[in-house]
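Asks: Starting from these lines, generate the structure:
(one chain, ligands or ions: 1)
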Amino acid sequence: MIGITHSDLDGLVSAMLAGIHFGFEPEDVRFARPSDAQHGIIDIIGQEIVVTDLPYISGATYWFDHHLSNFLDKFEGILGVRETADSCAGILARVFEVPGYGALVSETDRIDSLDLTPEEIFEPYGYYLLSKLINEDFSEVNTVQFNHYLMSLMKDKGDHIGEIIADPLVEDKITEYFRMQELARPYLKQQMQSSNGLLLVDLRGAPSKIYTRCSFMYDPFVFDGGKDSGVMVRTYHPGLDHRETRFQVVKNPLIVDNSPNLDIGAFLNTLGGGGHPYSGGVTIDTGETDRVYEAIMGELRR
Ligand SMILES: [Mn+2]
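Replies: Modelled structure (predicted):
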């Protein structure tokens, strides 16, 4: 049996918990972007598969997810659990009654549902900092290696964040994170534009792939000019070849009562993407950029 999961903190914790229950190791886990799962471009041969924190991947035996926009009637008979929850890890911890990961799971709940403070966005620490070390840049060789390493570490020391953070490999990644953040901030500031409560961040011409990682996703909300914006639309090329363009739409987690009427994931689902009520994304062929951009802006300006 193998796992396929999302390359973020919730994805890693979910696959780790599924592995404890079903009996597979962190090294038996593969990673996919939600759009890869959605567009069916994952090939799996002759293995029993557990999918966590992603859209359903055809052929999988078990599927656990909490992204409401992914729940389609045609998948109703698939084994596993799909329900609205703060995190997928929270569902697995409860259903499988895996003991010993209370803090890890409750922090994953909080981070995946963007229950964040300005202080931690500006200067990440603890489990939130850990979440920043995980990315979807699969063109980099050690992305998968590091994910496996971190999963093993969390499996051993789950609730002892101090010990996880003090691990030498994790420490190296943290140093790199803060170095990248210093480089990314001036660029993010330069590429953001706000008007009428909308914050637009265009990273399509980013000089380095570091800027296209999710790590600095929320930074514009703590910059002057971004603080009062209700929603951010971030545009970037997820691959180095620019064939695809991704829009991420996210409500400002720092504004408590933030326009609850638009379900972002459900709306983006109509454009071929998905996500949560408060955040989501859609990946398209770059040739479709103008059409999809207009559709997004039309909905957000309503
Ligand atoms: Mn999740």
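Asks: just checking, residue 189 touches residue 223?
Replies: Yes: using C-beta atoms under 8 Å, residue 189 is in contact with residue 223, at 5.8 Å. Every C-beta, even on glycine, is put in place using the N, C-alpha and C of the backbone.
Asks: Give the helix, strand or coil label for the residue lying farthest from the centre of the chain.
Replies: In the chain, residue 46 marks the outermost C-alpha relative to the chain mean, sitting 28.0 Å out by C-alpha atoms, centre = their mean. Of the three states, residue 46 takes coil under DSSP: H, G, I helix; E, B strand; the rest coil.
Asks: All further residue positions should be reported with the first residue as 51.
Replies: Yep, numbering from 51; the last one is residue 96 now.
Asks: where does the stretch 151-300 of the chain come near the ion, residue by residue?
Replies: Residues of the stretch 151-300 of the chain lying close to the ion by C-beta under 5 Å from the ion are residue 162.
Asks: hey, where'd the helices end up in the stretch 151-300 of the chain?
Replies: Using DSSP state H, counting those that start in this stretch, the helices of the stretch 151-300 of the chain run over residues 152-162, 168-172, 176-182, 192-207, 211-215, 218-241.
Asks: Including mean neighbour count and mean pLDDT, could the ones you listed go into CSV?
Replies: CSV is the format used below for the helices of the stretch 151-300 of the chain (neighbours: other C-beta atoms under 10 Å; pLDDT from 0 to 100):
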stretch, mean neighbour count, mean pLDDT
helix 152-162, 21, 97
helix 168-172, 14, 85
helix 176-182, 20, 95
helix 192-207, 17, 96
helix 211-215, 15, 97
helix 218-241, 14, 91
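Asks: how about those helices in JSON lines, adding distance to residue 116?
Replies: Output for the helices of the stretch 151-300 of the chain, formatted as JSON lines (distance: least, C-beta to C-beta, whole Å):
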{"stretch": "helix 152-162", "distance to residue 116": "8"}
{"stretch": "helix 168-172", "distance to residue 116": "22"}
{"stretch": "helix 176-182", "distance to residue 116": "16"}
{"stretch": "helix 192-207", "distance to residue 116": "19"}
{"stretch": "helix 211-215", "distance to residue 116": "23"}
{"stretch": "helix 218-241", "distance to residue 116": "26"}
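Asks: which residues touch residue 157?
Replies: By C-beta atoms under 8 Å, 6 or more residues apart in numbering, the contact set of residue 157 is 176-178, 211.
Asks: let's go with 7 Å and repeat that
Replies: residue 177 (C-beta atoms under 7 Å, 6 or more residues apart in numbering).
Asks: and if you look at the one 5 residues further on?
Replies: If a contact means C-beta under 7 Å, 6+ apart, then residue 162 has 60, 136-137 as its contacts.
Asks: gap between it and residue 203?
Replies: Separation of residue 162 from residue 203 (C-beta to C-beta, to the nearest Å) stands at 19 Å.
Asks: Look up how far residue 336 lies from the residue of the stretch 151-300 of the chain found nearest the ion.
Replies: Nearest to the ion in the stretch 151-300 of the chain, going by C-beta to the ion, is residue 162, at a distance of 4.4 Å. For residue 162, the distance to residue 336 equals 29 Å [C-beta to C-beta].
Asks: Residue 298 now?
Replies: Taking C-beta to C-beta, one finds residue 298 at 16 Å from residue 336.
Asks: For these two, work out which one has more neighbours and name it.
Replies: residue 298 (22 against 13; other C-beta atoms under 10 Å).
Asks: what pairs with the more buried one across the strands?
Replies: Here residue 298 sits in beta bridges with residue 284, residue 331, as judged by DSSP bridges.
Asks: can you pull the contacts of the residue of the chain found nearest the ion?
Replies: Closest residue of the chain to the ion, C-beta to the ion: residue 60 (3.5 Å). If a contact means C-beta under 7 Å, 6+ apart, then residue 60 has 103, 137-139, 158, 162 as its contacts.
Asks: Following the worst-scoring helix or strand of the chain on mean pLDDT in sequence, what is the next regular element?
Replies: Ranked by mean pLDDT, DSSP states H and E, the weakest helix or strand in the chain is helix 84-88, scoring a mean of 83. Next helix or strand after helix 84-88 toward the C-terminus (DSSP states H and E): strand 99-102.
Asks: helices or strands next to that following strand in the packing?
Replies: Strand 99-102 sits against strand 52-56, helix 59-72, strand 112-114, with contacts defined as 3 or more C-beta pairs under 7 Å, 6 or more residues apart in numbering; DSSP states H and E.
Asks: what's the closest of those to residue 349?
Replies: Of all the helices and strands packed on strand 99-102, it is strand 52-56 that lies closest to residue 349, at 24.9 Å by C-beta to C-beta.
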